[in-house]
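*Asks:* I'll drop the sequence and a predicted model, then ask my questions.
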Amino acid sequence: MVVLIGVLMAAAMVLLASPTGAHASAEAPDTPGGDQEQTGFYFGGVITFDGEPVEGVTMTIEGNGFEAETVTNAEGKWRLYVPEKEEYVLTVDEDTLPDGVIVDAALLPEGTQPKSGTTASFDVAFGATGTKIINLFLGEGERLTTSFLDQLAERLVSGLNFGLLLALAAVGVSLIFGTTGLTNFAHAEMLTYGAIIALIFANIGLPMWIVIPIVILFGAAFGWVLDAGLWRPLRRRGLGLVQLMIVSIGLSLAIRYTYQFFIGGGTYQLPGAGASRDIRIGPIAVSWIDVLSMGVSIVLLLAVAYWLLRTRIGKATRAISDNPGLAAASGINVDRVIRIVWVLSAALAAVAGVLWAYFRPGIKWDMGVQVLLLIFAAVTLGGLGTAFGALIGSLIVGILVELSTLLGIPPDMKYVGALAVLIIILLVRPQGLLGRKERLG
């Protein structure tokens, strides 16, 4: 297992060190940072209108608990320092723009995603280096204002997209818990693994429609190696669930920092990440990446549902989840079924990692752990050990996360709302939405 990860990470390091491995940032403009605390990471650029620089435009950056502001100088240049290499929201104060002028979204740099409901607020992320140049071009136009209901409709679609990709990972967690009783903290690294595999093969020129099946195969192989090399021997030694959970935490840390060793702390983009939302249905604007992401999620979830309800292995999996002792006594090969569950769960998690890399957007060594608590929340909300409950819980969590900022919750706290609803529902229904009551003692 360690050799497999090491070989793949070495390949990733070689590819990411090449010019095609990540988007390179241009040289930063020579502008002072004002009274900002200068760090090794900053966004900068020039604002122009009809080829002329625009002075006095107020720019703000926020995210990850940080916020800063600056104003363009006589040459239209600006620079905003940030404390770490993460994703942020860049906003142009439209009140400081000339009358009748807006930011031309058609001329935004690659990887700069405009946010819904505005012409002057963007999701921005670094490339391979600690600097990112974002030159903004102004054009004549009408400033966009979106009604609350239109924003609600768009956030619901975004929440559905997020919930579906969470469901791919949550169903795997639920299947593993149902068949083995293990709460697998290393599931987060399965997501990151899938995203890194996609990045490796995308960087050698393969299209994504070929990369996705490759990711599924590599993810399945990863699950097979984990079960054959670690979990099955530990089960045969009779380790308790608490000890197995602690092992999964240690495994998670080991794999996570292996990723960091080989690919570093930077953020890398998959082809097409940050695609513009040029598909519009009424007030809802989505990108082709969003459509494909939801399509892939729905197809895979339907396939898992068919597998659970209609195939012999799927029925055996449900039988083991209900009563492993009775299932074994009835002739079911429990170890074989658990092996298949690990393979399936790892494959689903790998695909979820690719979709999460597009949704963020970006691939980072710790990207999986960023949604691990949400995955656990979805599984618990739907009912422990029930795959269909994990699906419903994921959709609820995904939609609540996306709606939270619309209701006034700061972006850095948008995950808190989903966890608060989880606590409230569990106080009313401790077994989860589709879980069964169990007598204690």
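*Replies:* Looks like it came in fine.
*Asks:* Please name the residues that touch Arg339.
*Replies:* By Cβ atoms under 8 Å, 6 or more residues apart in numbering, the contact set of Arg339 is Trp224, Asp227, Ala228, Arg232. Placement of C-beta: from N, CA and C, glycine included.
*Asks:* now, which of these sits nearest Ile197?
*Replies:* Nearest to Ile197, judged by Cβ to Cβ, of the contacts of Arg339 is Trp224 at 14.8 Å.
*Asks:* nearest residue to that closest one other than its sequence neighbours?
*Replies:* Counting by Cβ to Cβ, 6 or more residues apart in numbering, Trp224 lies nearest to Val343, which is 5.2 Å off, once chain neighbours are set aside.
*Asks:* in the longest helix along the chain, what's buried?
*Replies:* Criterion DSSP state H: the longest helix present in the chain is helix 148-180. Buried residues in helix 148-180, defined by neighbour count with 16 or more other Cβ atoms under 10 Å: 150-151, 153-180.
*Asks:* The contacts of Arg339, buried ones only, as a PyMOL selection?
*Replies:* Remark: buried members of the contacts of Arg339, expressed as a PyMOL selection using 16+ other Cβ under 10 Å:
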select buried, resi 224+227
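*Asks:* The contacts of Arg339 in strands, which ones?
*Replies:* Judged by DSSP state E, strands contain none of the contacts of Arg339.
*Asks:* Where do the strands of the stretch 101-250 of the chain begin and end?
*Replies:* Listed in chain order, the strands of the stretch 101-250 of the chain (DSSP state E, counting those that start in this stretch) span residues 101-103, 113-114, 121-124, 131-133, 136-140.
*Asks:* Least confident of those, on average?
*Replies:* When the strands of the stretch 101-250 of the chain are ranked by mean pLDDT, strand 113-114 comes last with a mean of 60.
*Asks:* Could you pull up the contacting residues of the closest residue to Leu406 other than its chain neighbours?
*Replies:* For Leu406, ignoring the flanking residues on the chain, the nearest one in space by Cβ to Cβ, 6+ apart is Arg155 at 5.4 Å. With contact taken as Cβ under 8 Å, 6+ apart, Arg155 is in contact with Ser116, Ile399, Glu402, Leu403, Thr405, Leu406.
*Asks:* circling back to that earlier point, save the contacts of Arg339 as JSON lines, and put in pLDDT and distance to Ala319 too.
*Replies:* Compiled in JSON lines, these are given as follows (pLDDT from 0 to 100; distance: Cβ to Cβ, whole Å):
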{"residue": "Trp224", "pLDDT": "97", "distance to Ala319": "22"}
{"residue": "Asp227", "pLDDT": "95", "distance to Ala319": "19"}
{"residue": "Ala228", "pLDDT": "95", "distance to Ala319": "23"}
{"residue": "Arg232", "pLDDT": "94", "distance to Ala319": "19"}
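*Asks:* Where does pLDDT dip in the stretch 301-441 of the chain?
*Replies:* The stretch 301-441 of the chain contains residues with pLDDT under 70 at 410-412, 436-441.
*Asks:* how about the helices in it?
*Replies:* Counting by DSSP state H, counting those that start in this stretch, the stretch 301-441 of the chain has these helices, from start to end: 312-322, 324-329, 334-359, 372-382, 387-404, 414-428.
*Asks:* where does the stretch 151-300 of the chain have low pLDDT?
*Replies:* Filtered on pLDDT under 70, the stretch 151-300 of the chain yields the residue ranges 274.
*Asks:* can you pull the contacts of the residue nearest to Trp224?
*Replies:* Contacts of Val343 (Cβ under 8 Å, 6+ apart): Ala220, Gly223, Trp224, Asp227.
*Asks:* let's go with 10 Å and repeat that
*Replies:* With contact set as Cβ atoms under 10 Å, 6 or more residues apart in numbering, Val343 has these partners: Gly219, Ala220, Ala221, Phe222, Gly223, Trp224, Val225, Leu226, Asp227, Ala228.
*Asks:* doesn't Thr131 make contact with Gly40?
*Replies:* Yes. In this structure, Gly40 is within contact of Thr131 by Cβ atoms under 10 Å, at 8.8 Å.
*Asks:* follow-up on the earlier one: now, the most widely separated pair of the contacts of Arg155?
*Replies:* So, the contacts of Arg155 by Cβ to Cβ: farthest apart are Ser116 and Ile399, at 15.2 Å.
*Asks:* and the strands of the stretch 101-250 of the chain as a markdown table, adding mean neighbour count?
*Replies:* Below are the strands of the stretch 101-250 of the chain laid out as a markdown table (neighbours: other Cβ atoms under 10 Å):
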| stretch | mean neighbour count |
| --- | --- |
| strand 101-103 | 20 |
| strand 113-114 | 19 |
| strand 121-124 | 20 |
| strand 131-133 | 21 |
| strand 136-140 | 18 |
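*Asks:* Check which element follows the longest strand that the chain contains along the chain.
*Replies:* Taking DSSP E as the criterion, the chain has its longest strand at strand 41-49. Where DSSP states H and E defines the elements, the next helix or strand beyond strand 41-49 is strand 52-53.
*Asks:* Surely Thr48 and Pro98 touch.
*Replies:* No. The pair Thr48 / Pro98 is not scored as a contact, 11.8 Å apart, by Cβ under 10 Å.
*Asks:* list residues touching both of these two?
*Replies:* Listed as contacting both Thr48 and Pro98 by Cβ under 10 Å, 6+ apart are Val54, Leu138.
*Asks:* So these two - more neighbours on which side?
*Replies:* The neighbour comparison of Thr48 against Pro98 (other Cβ atoms under 10 Å) goes to Thr48, with 16 against 12.
*Asks:* Just list whatever residues bridge to the more buried one.
*Replies:* Beta-bridge partners for Thr48, by DSSP bridges, are Pro53, Phe137.
*Asks:* which residues touch it?
*Replies:* Applying Cβ under 10 Å, 6+ apart, we find Thr48 in contact with Val54, Thr72, Glu75, Gly76, Asn135, Leu136, Phe137, Leu138.
*Asks:* From Ala170, how far off is Leu372?
*Replies:* Leu372 sits 11 Å away from Ala170 when distances are taken as Cβ to Cβ, to the nearest Å.
*Asks:* actually Phe201, sorry about that
*Replies:* Taken as Cβ to Cβ, the span from Phe201 to Ala170 is 26 Å.
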